[in-house]
Every structure is written in C-alpha cells, then in structure tokens.
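K.L.:
structure of the sequence below:
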Amino acid sequence: IRFTSFICYNIYIITKGIKIMSKDHLKEFIGFGIAGNFAHHLDQAGEAADFVNVVVEEENAPKGIFPFYLPNSDTFLGTYPLSSNTLVYPRHDDNLQMEPEVGLICELKYDGTKVIDLVPNYFTAYNDATIRKEGASKISQKKNWAEQTKGISSHIIPIDKFEHGGIMDSYHIASFIKRNGTTHMYGQDSAVITYNYFYEKLKNWIIKKLNEQQDNGPLEDLSSHLKSCDYPTQMIISIGATSYTDFGENNYLKIGDECFVFIYDSNKYSLAEIEQFVKNDEILQKEDISILKQTII
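P.N.:
Presented below is the predicted three-dimensional model:
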C-alpha cells in the first residue's frame, strides 16, 4: 500500500486494502472527467455531434477532458458535487442519465506551471451523472447543477502500479438501476482494461491535455483552470463511461431510482453474483469491490 499525502484527508483502512473516505475528503481536489474513452458511449448518449470539429490524435482517442469541480471557484463549478449516497435530480430537466465509470484519485506534479507527472494512487466506483440537454456550449454545463450531483464510492482501492500486471487488470465495471423493486442492468459489464486509452497511454494523454487543451467547441482551456485553482497537487478524474444496455440507453433516471456502480475483481466475483447483491440489497463492504449506491432525490 502506498502511503502519501492523502493521509491528511482522513482515509481510514477498513479491510484487505480497501479504504474509506470521509465525506469531505475530496473538497480540495480539482475534478475532471474524460469524454469518449469507451466505444459507442457518445453515440448512445446523443453527444457525438458535439465533438464533430474536435481533432483527435487517432480514431479511438478520447475526445477531451472537461472540468466538473473547481475548488474555491466563484462559478457554478465551485459547487462541491460529490456524494456517496444521494443524487439530486435537476429541477428543470428530465433527461438525466447515469454514467458508470472508474474514478482515479491522483497526485499532480509540476515544473513551474507545467504538469510533468500524474500518479494514480487509488481507484473507485464513480457516477458521472449527466443531463442530456440541447444548447449546452460546454460539457461542464451538463455536469454540475447542485451539491450531490456526482457519485463517488467511499470505498477506494489502492493502486499498486498503473500498468499491465497491476491490480486493475482483472477489474470490471458493472452498473444497475433498481426501479419500483425491479433491477435493470444500466451499463454494459466492461473490463477496465478495455478503455480505449488506459495505463501509460492514458496517463501521458492526460498530462498532455492538462497542459495543451484549448477552448474549442465543448472543451475548455484546462491550464487556465489549473492556474485559477492555484495549481492543485491532488485530482479526481473520471476516465470515461461504459456503453449502455438497451435499458440504459432508452431510460432516463427518475426520482426514487437507486443507482449502483460496482468496480469488482472478475477473478473473484461473477457478474451474476454482483447482480444478486443488488437484488438482495446486499450492499455491504465486500472484499476487493468498490461499491457506489445512490438514491435519486
């Protein structure tokens, strides 16, 4: 287990390397997300057209990085949106979808004002809940509308090494909605290593984008956000949503729904076992699983 400056943010070991975060653990961490890092997700979400003029390095490259939380900002992005148990429904839009993802908790290192390294220390279950609305000029306008509008599990897993052969090789992302007592799979069960960009390639891409991404279409100048936040050394970044099942693609979330995201070790648990946890309301501290459960209010 790597012990870093995170210990000052009240992370407590609970069992077998799984750790639990306090409610306000990430309040000083800058928050970013990655768009288009899983095949078909943007098409299913109806957002592919937003990126038609965004040039990418290669065909399967992610489209870019967006901010969802800027600590101490006086804009709407200064609202702390992360919650581990509730999700506040947008009051003027009814096109809300869950986006099940892996969240990485990282350290940023600088040479002056340039990001020169990124160290992923922990990974966790994450819900990049998003409003599908027309006319938003930036992705960030769909991402943070109040407190408790993003989901992150309080159970985080230390990363031994962010490369092939490390702990993340065997992990999968699974997600479900429980509505009126019925469980529906929401996103496709997906191996973490099937992200378009992952490990060293993803790390290098993120560093490049933090330094070089400009204001362009739905994307924003990230270096200006780093500057406005006084060059933070801690970051949470969600690395892309899975593709949807037919149910997930065709059903927006409703008040009263329960959302579940599991990051689980596929060498130890089957998808059927994970689904049974949801059906039985058996959402406990399980070995080697990061579990996020949110009720929409």
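K.L.:
can you give me the helices for this structure?
P.N.:
41-44, 199-212, 222-228, 246-250, 271-279 (DSSP state H).
K.L.:
and the longest one, what other elements does it pack with?
P.N.:
By that I understand helix 199-212. strand 64-69, strand 114-127, helix 222-228 (3 or more Cβ pairs under 8 Å, 6 or more residues apart in numbering; DSSP states H and E). Bear in mind the C-beta positions are built from the backbone N, C-alpha and C, glycine included.
K.L.:
for that helix, buried residues please.
P.N.:
Tyr199, Leu202, Lys203, Trp205, Ile206, Ile207, Lys209, Leu210 (16 or more other Cβ atoms under 10 Å).
K.L.:
isn't the last one up against Gly64?
P.N.:
Same thing as Leu210. No. Look at Leu210 against Gly64 with Cβ atoms under 8 Å: they stay out of range, at 11.1 Å.
K.L.:
could you tell me how many residues sit around Pro90?
P.N.:
By other Cβ atoms under 10 Å, 17 other residues sit near Pro90.
K.L.:
switch the helices of the chain over to TSV; also include distance to Met98 and mean pLDDT.
P.N.:
Formatted as TSV, the helices of the chain follow (distance: least, Cβ to Cβ, whole Å; pLDDT from 0 to 100):
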stretch	distance to Met98	mean pLDDT
helix 41-44	12	61
helix 199-212	22	98
helix 222-228	25	98
helix 246-250	7	95
helix 271-279	13	95
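K.L.:
could you export the ones you listed as CSV, including distance to Lys114?
P.N.:
Output for those, formatted as CSV (distance: least, Cβ to Cβ, whole Å):
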stretch, distance to Lys114
helix 41-44, 29
helix 199-212, 6
helix 222-228, 8
helix 246-250, 39
helix 271-279, 41
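K.L.:
tell me how far the most centrally placed residue in the chain lies from Pro62.
P.N.:
Centroid check for the chain by Cα atoms, centre = their mean gives Ser238 as the closest residue, at 2.9 Å. Going from Ser238 to Pro62 by Cβ to Cβ, to the nearest Å gives 12 Å.
K.L.:
so what's in contact with these two at the same time?
P.N.:
Shared contacts of Ser238 and Pro62, defined by Cβ atoms under 8 Å, 6 or more residues apart in numbering, comprise Ile34.
K.L.:
so what's Gln213 up against?
P.N.:
With Cβ under 8 Å, 6+ apart, Gln213 has these contacts: Gly64, Ile65, Leu219, Glu220, Asp221, Leu222, Ser223.
K.L.:
one more time with 7 Å, if that's ok
P.N.:
Gly64, Ile65, Leu219, Asp221, Leu222 (Cβ atoms under 7 Å, 6 or more residues apart in numbering).
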